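J.: Next comes the sequence, and after it the predicted model I'd like to discuss.
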Amino acid sequence: MSKLRVAVLGAKGRIGSEAVRAVEAADDMELVGALGRGDKLESLVDSGAQVVVELTTPASVMGNLDFCVRHGIHAVVGTTGWTDERLAQLNTSLAASPETGVLIAPNFSIGAVLTMTFAQQAARYFESVEVVELHHPGKADAPSGTATRTAQLIAAARAEAGLGTQPDATLTALDGARGADVDGVPVHAVRLRGLLAHQEVLLGGEGETLTIRHDSLHHSSFMPGILLGVRRVTSAPGLTFGLEHFLDLG
Ligand SMILES: NC(=O)C1=CN([C@@H]2O[C@H](COP(=O)(O)OP(=O)(O)OC[C@H]3O[C@@H](n4cnc5c(N)ncnc54)[C@H](OP(=O)(O)O)[C@@H]3O)[C@@H](O)[C@H]2O)C=CC1
Ligand SMILES: O=C(O)C1=N[C@H](C(=O)O)C[C@H](O)C1
């Protein structure tokens with residue numbers, strides 16, 4: 001069986017360098033490109049790349065995906081910074097290349113995907129909920145893409161259950177003290193040397209609390225999800241948002 005021809009964008013970065021090693025070690029894949037900032041995207045076409053793993057920056061990702069989709073190269077995307085406007089722009093590009101697949105995964109680790117699922121399940125039963133994400137101090141964006149997605153899923157579950165605004169008597173606060181408001185869910189971002197990627201979802205009801213916590217302790221935690229995405233995206237045309245769509249979560 002021929003191997004999948006895979007290229008990594010952001011190949012010198014924290015997660016990109018780990019992804020290069022993971023693709024090289026995968027029996028069913030061949031690494032045909034490892035591109036950093038300034039490298040020419042045309043080399044993806046010359047090398048016959050079938051799937052690109054996009055792990056760069058929010059400033060670069062849209063241009064990179066536009067090139068890939070126009071050339072029929074499937075993409076597995078971990079880069080953050082997704083807004084409704086950006087997703088609409090990507091969907092427009094994909095409409096002109098209907099056989100091309102793009103997976104955007106706010107988080108590739110199974111534990112983080114399950115955290116989002118569990119938080120969504122629990123949200124309807126608790127009056128209060130807040131999200132705390134904790135990352136290494138080299139992270140460029142806050143709050144994390146995972147925390148933003150978690151809060152959006154929680155907010156949708158609360159709305160579906162008919163829960164209103166959260167109890168909060170705060171009348172005065174320093175800027176940022178109550179976190180960022182993501183669809184009515186406070187999200188707090190911690191940046192601390194020694195950490196990698198961590199998240200807590202705190203839920204509170206009458207006389208009880210529930211804490212759901214996930215810790216990524218090494219970038220290796222993201223690799224099985226990236227490799228799964230690469231294997232599945234070639235047969236998933238259009239946009240898939242969230243690795244859970246490629247997992248059997250029961
Ligand atoms: N979905 C998930 O599970 C995960 C997602 N991420 C996300 O992945 C992204 C990268 O994170 P991280 O590795 O920590 O960041 P880094 O800053 O370590 O890596 C980003 C790399 O991309 C390079 N780069 C920038 N622009 C381009 C471009 N146009 N083409 C090719 N390479 C480019 C940068 O080069 P230079 O240094 O020269 O600017 C850098 O080497 C972030 O958005 C992060 O949130 C991270 C971990 C897990
Ligand atoms: O920058 C990181 O490190 C991470 N970014 C992603 C995010 O913003 O959610 C995924 C994970 O948290 C690691």
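T.: Cool, got the structure. Residues are numbered from 1 along each chain as shown. Ligands and ions are numbered 1, 2, ... in the order given.

J.: which stretches of the chain form strands?
T.: 4-9, 29-35, 51-54, 74-77, 101-104, 128-135, 180-182, 185-191, 197-205, 208-216, 238-241 (DSSP state E).

J.: could I get those strands as TSV with distance to residue 146, mean neighbour count and mean pLDDT?
T.: To be clear about C-beta, it is placed using only N, CA and C from the backbone, and glycine gets the same treatment. Shown next, in TSV, are those (distance: least, C-beta to C-beta, whole Å; neighbours: other C-beta atoms under 10 Å; pLDDT from 0 to 100):
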stretch	distance to residue 146	mean neighbour count	mean pLDDT
strand 4-9	20	26	98
strand 29-35	25	20	98
strand 51-54	16	26	98
strand 74-77	14	27	98
strand 101-104	12	25	98
strand 128-135	7	22	99
strand 180-182	12	15	98
strand 185-191	10	19	98
strand 197-205	6	20	98
strand 208-216	9	15	98
strand 238-241	13	17	98
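
J.: got CSV for those strands, with distance to residue 44 too?
T.: Shown next, in CSV, are the strands of the chain (distance: least, C-beta to C-beta, whole Å):
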stretch, distance to residue 44
strand 4-9, 6
strand 29-35, 6
strand 51-54, 6
strand 74-77, 10
strand 101-104, 15
strand 128-135, 30
strand 180-182, 34
strand 185-191, 33
strand 197-205, 28
strand 208-216, 28
strand 238-241, 20
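
J.: Residue 89: which of those is closest?
T.: Residue 89 lies closest, by C-beta to C-beta, to one member of the strands of the chain: strand 238-241, at 11.0 Å.

J.: Need the residues that contact that closest one.
T.: With C-beta atoms under 8 Å, 6 or more residues apart in numbering as the test, strand 238-241 has contacts from 82, 87, 90-91, 94, 98, 101-104, 233, 246.

J.: do the same with stretch 39-46
T.: 7, 33, 35, 52, 64, 67-68, 71, 73.

J.: Next: stretch 173-193.
T.: So stretch 173-193 is contacted by 129-137, 139, 142-144, 147-148, 151-152, 154-156, 158, 165-166, 168, 170 (C-beta under 8 Å, 6+ apart).

J.: Selecting buried members of the residues you listed in PyMOL, what would you type?
T.: Only the buried members of the contacts of stretch 173-193 enter the following PyMOL selection, criterion being 16 or more other C-beta atoms under 10 Å:
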select buried, resi 129+130+131+132+133+134+135+139+142+143+144+147+148+151+152+154+155+158
